[in-house]
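structure for this input, please:
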Amino acid sequence: MDVKLRLATPDDLDQIVDLDVKGFNLTREEAEFLVDVLKRDAGHRTYMIEKDGQTIGKLRLKAEGIETYIFGFTVDPDFRRQGIGKAALIEVVKQESESGHVIFVEVGIEDERGLHLYEAVGFETYQQQDYYKYQG
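Modelled structure (predicted):
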């Protein structure tokens, strides 16, 4: 499978927003706000996921010392369940591990496919958190 990662460029911003909308059920405004905040974060990198020359996903990395956090990882729904996400995840884990980083990922417990994917690549549950929504 020809899956490649490349650093996102300013030309990718619209596609990043579209992927966040599709992948995380955000409104376009929420996704644009998130992209605007993250592009000002010096420790943050966004990678585009390409298959056969077509951009079909993205993931974000945040480096803090020797730790790398994977988040904002999504593949376009039309291309899911083809091994693309797994191939991209294996590549980024290899890249970060070779740099001496310890890698963490945050995934919601309700995301069974995400949990399965991360476990298939070798991640183990490290810590679980409960989140609460303010209903004020």
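
from here on, just use CA atoms for contacts and neighbour counts.
Will do.

name the residues of the longest helix along the chain that are buried.
Ranked by number of residues, the top helix in the chain under DSSP state H is helix 84-98. Buried positions in helix 84-98, judged by neighbour count with 16 or more other Cα atoms under 10 Å: I84, G85, K86, A87, A88, L89, V92, V93, E96.

got it, and stretch 25-42?
Quick answer for stretch 25-42 (16+ other Cα under 10 Å): L26, A31, E32, V35.

where does this structure dip in pLDDT?
1, 108-111, 116, 127-133, 135-136 (pLDDT under 70).

residue boundaries of the strands in it?
Listed in chain order, the strands of the chain (DSSP state E) span 3-7, 44-51, 54-64, 67-75, 102-105.

nearest to Q15, out of those strands?
Of all these, strand 54-64 sits nearest to Q15, with 8.5 Å by Cα to Cα.

what helices and strands are in contact with that closest one?
Counting contacts by 3 or more Cα pairs under 8 Å, 6 or more residues apart in numbering; DSSP states H and E, strand 54-64 packs against helix 13-24, strand 44-51, strand 67-75.

can we see that at 7 Å?
Using 3 or more Cα pairs under 7 Å, 6 or more residues apart in numbering; DSSP states H and E as the contact test, the elements touching strand 54-64 are strand 44-51, strand 67-75.

ok, that strand: who's next to it in the sheet?
strand 44-51 (antiparallel), strand 67-75 (antiparallel) (DSSP bridges).

can I get these in TSV with mean neighbour count?
Formatted as TSV, the strands paired with strand 54-64 follow (neighbours: other Cα atoms under 10 Å):
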stretch	mean neighbour count
strand 44-51	20
strand 67-75	20
